[in-house]
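Novice: Coordinates only, no sequence provided:
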Ligand code: DQA
């Protein structure tokens, strides 16, 4: 199972930007820790960061048929991007949206997530640990999907319903 970790604008500045809000860890350090967690759960991770909305949309579109789940922090685009929300809805892959800070107790303009409605769930306010929580959630969702598919494959075949008589 493969998960795309997609990071929006300014997250490449983690460790430098507003440490009182986002903490001291760099994006590379967060990704290294996630890799360890993924290995333990038999998951493969693919990382992508961009400061450009269109590149994020392209990346989400590329996820269709190539990954099983998406872990995304759309960063500032969370609050503005209908394009990213539409891309997530279009690919319809299990997705968890992560925010390092608790966007609901920050400035009013951060308290609405346009993208969240296209995600399975949202995690906010747990610092970089939120990415781990997001990956735990996706692991659980993927396991449930797998179990459901297996149960369907093993279910006894039911006789096909008889065709209704054609209306004359
Ligand atoms: C953020 C919250 C956003 O409001 C902000 O623009 C970010 C990071 C977070 O992870 O807390 O860049 O998504």
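Specialist: It's in. All figures in this text were calculated on a predicted structure; none of them were measured in a lab.
Novice: low-confidence ranges in the chain?
Specialist: Applying pLDDT under 70 to the chain flags residues 158-168.
Novice: Next to the ligand, which bits of this protein? Give me the list.
Specialist: Listed as neighbours of the ligand in the chain under the rule Cβ under 6 Å from any ligand atom: 10, 73, 75-76, 78, 99-101, 103, 110. The way it works is simple: take the backbone N, C-alpha and C, and place the C-beta from them, glycine included.
Novice: Narrow the residues you listed to those that are buried.
Specialist: Among the residues of the chain next to the ligand, the ones that count as buried by 16 or more other Cβ atoms under 10 Å are 73, 75, 78, 99-101, 103, 110.
Novice: For residue 134, which residues are in contact?
Specialist: Residues counted as contacts of residue 134 (Cβ atoms under 8 Å, 6 or more residues apart in numbering) are 71, 96-98, 123.
Novice: how close does it sit to residue 85?
Specialist: 18 Å (Cβ to Cβ, to the nearest Å).
Novice: Show me what residue 123 is bridged to.
Specialist: Residues in a beta bridge with residue 123, per DSSP bridges, are residue 98.
Novice: Could you pull up the residues touching it?
Specialist: 96-99, 130, 133-134, 137.
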